[in-house]
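Asker: I would like to see how this sequence folds:
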Amino acid sequence: MKVQINTDKNIEGSARLESYFSGEVEKSLDRFQDKITRVEIHFGDENGEKFSLHDKKCVIEVRPVKLQPITVTEHAESLEKAFSGALAKAKKTLTSTFEKIKEH
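Answerer: Numbering: from 1, shown residues only. Model prediction:
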């Protein structure tokens, strides 16, 4: 499973940021590792310099093997909270998707 992290012009991407979020994705989605080819994470700050609640956005796109990509989005006041919420949504969606496949 390859993890790719993208940031918009308002968020500074760093090796530490990439390392932390990649590690969290790998830990959280470990049980799906053989069923996923790639995970793309997109971070954005929708208001840039201006302050606003819930202006940090995290979009996670998971590419399962032989299935359509699954995309989830979360808005929060910090990158960490947006990431956390999006990752929980992705995990829940993957769980239900693979359970439905097992039933058939």
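
Asker: contacting residues around Glu74?
Answerer: 57-58, 81-86, 89 (Cβ atoms under 8 Å, 6 or more residues apart in numbering). Where C-beta positions appear, they are placed from N, C-alpha and C, glycine not excepted.

Asker: how much space is there between the residue lying closest to Asp8 once chain neighbours are set aside and Val59?
Answerer: The shortest distance from Asp8 to any non-neighbouring residue, by Cβ to Cβ, 6 or more residues apart in numbering, is to Gly44 (4.2 Å). Gly44 sits 8 Å away from Val59, going by Cβ to Cβ, to the nearest Å.

Asker: neighbour-wise, which of the two wins?
Answerer: Gly44 (21 against 16; other Cβ atoms under 10 Å).

Asker: the helices in this structure, which residues?
Answerer: Remark: helices assigned in the chain by DSSP state H are 15-28, 79-103.

Asker: Centre of the chain to the first one, how far?
Answerer: Right, the one you point to is helix 15-28. Centroid displacement of helix 15-28 relative to its chain, using Cα atoms, centre = their mean, to the nearest Å, is 10 Å.

Asker: contacts for it?
Answerer: Under Cβ under 8 Å, 6+ apart, the answer for helix 15-28 is 1, 3, 5, 7, 33, 39, 41, 60, 83, 87, 91.

Asker: Out of those residues, name the two that are farthest from one another.
Answerer: Spatially, the most separated pair among these is Thr7 and Gln33, at 24.7 Å (Cβ to Cβ).

Asker: Tell me which of these two has more neighbours.
Answerer: Neighbours were counted for Thr7 and for Gln33 using other Cβ under 10 Å; Thr7 has more, 17 against 9.
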